[in-house]
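Peer 1: What shape does this take:
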Amino acid sequence: MNLDFKWGIIGTGGIANAFANDLQNLKGHRVKAVASRTKLNATTFSAKFDGCVAYHHYDDFINDPDIDGVYIASPNHLHLEHTLLALGAGKPVLCEKPFAINAEEVQKMIDSSKKNKTLLMEAMWSRFLPHMKAVRSIVENGDLGEIHTIRADHGQNLTHIKNPRLWNLEYGGGALLDLGIYVVSFAHLILGKPDKIIASSTFNKDKVDLQTSAIFKYKTGAQAILNTTMINSTPCRAIISGDKGWLEINPIFYAPTSFKVILLNGETKEYSNKYMGHGLREQAIEFAACIDKGFNESPILNHDESLQIMSTMDEIRKLIGLNFPMD
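Peer 2: Numbers count the residues shown, from 1 in each chain. Got it, this is the predicted structure:
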């Protein structure tokens with residue numbers, strides 16, 4: 001495996017900084033280049049990392065021969081454009097969630113990955129965390145029995161943040177795409193694609209969803225009860241309940257954390273959190289491993305599942321009447 005993996009990053013916002021900082025806890029990975037729409041933002045970002053080259057022209061960035069993989073951290077509405085640019089140049093892509101604005105865009109990204117025989121991976125970082133892998137194993141082993149109920153919430157009070165990517169429909173803004181993707185992806189991880197969806201939202205005057213709740217129904221009778229909001233904070237916990245007991249991830253289910261399993265036979269087991277750092281680097285490890293193995297997609301979160309998740313997001317948007325100009 002490449003022990004000197006050189007990353008190129010598109011975008012200089014909060015998640016780009018968090019990813020680059022977390023890479024510093026990972027041997028063999030470094031930030032080689034960054035691209036931004038403005039020279040100032042690119043230069044300011046690059047100055048934080050030794051040997052990082054700043055670009056404000058995307059064509060110059062994508063043609064840098066020293067970049068081994070591209071992490072796309074630009075606003076939601078630019079994910080398709082930047083992914084196609086990178087894949088077309090033969091650069092493997094790790095693209096932030098939400099993967100794109102809609103399933104049609106995701107399909108175009110997947111088609112490009114196949115055409116160019118180049119890795120494309122969704123940066124749903126929670127999927128690659130140690131505790132989430134353990135949760136998945138417990139469910140698949142049948143420790144909880146047949147799963148009947150999932151509850152998950154993701155709420156952050158973002159009213160003080162004026163970033164247009166949150167509050168502008170042209171950027172794909174709103175609670176659903178920015179925060180709700182976590183609870184939707186979690187439900188897919190445990191129960192797969194729902195057979196029926198019920199959904200309701202609260203909107204502001206600009207028709208941006210501030211809070212969205214959904215119930216996923218499955219042929220087995222199982223349900224997932226999901227909520228996301230960006231106008232108030234919630235515990236951000238998740239519960240998986242089966243006929244043998246339940247598993248609770250609390251707090252902040254999508255970040256490195258502890259969880260516990262409570263079985264109806266009286267057994268209880270705690271899984272402690274010993275993780276150091278943000279956790280974004282775990283997807284970088286998987287990404288580099290997939291490149292080393294010649295994969296075009298990750299077996300942990302493959303193209304079909306990413307497409308199904310975005311199709312579910314599309315269905316929720318249809319039900320609540322959330323429309324974007326690029327639809």
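
Peer 1: sec struct for the nearest residue to residue 8 once chain neighbours are set aside, please.
Peer 2: If you skip the residues right next to it in sequence, residue 8 has residue 67 as its closest partner in space, 3.7 Å away by CB to CB, 6 or more residues apart in numbering. To be clear about C-beta, it is placed using only N, CA and C from the backbone, and glycine gets the same treatment. Judged by DSSP: H, G, I helix; E, B strand; the rest coil, the three-state class of residue 67 is coil.

Peer 1: just the helices in this protein please.
Peer 2: Secondary structure of the chain by DSSP state H: the helices cover 14-23, 39-46, 58-62, 79-88, 103-116, 130-140, 164-167, 175, 181-191, 281-293, 303-320.

Peer 1: deepest of those, which one?
Peer 2: When neighbours are counted by mean count of other CB atoms under 10 Å, the highest per-stretch mean among these falls to helix 175, a mean of 26.

Peer 1: Quick check: buried residues in stretch 228-244?
Peer 2: Applying a neighbour-count criterion of 16 or more other CB atoms under 10 Å, one finds 228-230, 234, 236-242, 244 buried in stretch 228-244.

Peer 1: from those residues, which ones fall inside strands?
Peer 2: Secondary structure from DSSP state E places 228-229, 238-242 of the buried residues of stretch 228-244 in strands.

Peer 1: okay if I get those residues as a markdown table plus distance to residue 188 and pLDDT?
Peer 2: Formatted as a markdown table, the entries for these read as follows, by distance: CB to CB, whole Å; pLDDT from 0 to 100:
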| residue | distance to residue 188 | pLDDT |
| --- | --- | --- |
| 228 | 15 | 98 |
| 229 | 20 | 98 |
| 238 | 13 | 98 |
| 239 | 16 | 98 |
| 240 | 13 | 98 |
| 241 | 17 | 98 |
| 242 | 17 | 98 |
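
Peer 1: Quick check: the two most widely separated of those residues?
Peer 2: 229 and 242 (27.3 Å; CB to CB).

Peer 1: low-scoring stretches of the protein, by residue?
Peer 2: 1-2 (pLDDT under 70).

Peer 1: now stretch 26-34, how far from the chain's geometric center?
Peer 2: Here stretch 26-34 is found 20 Å from its chain centre; the criterion is CA atoms, centre = their mean, to the nearest Å.
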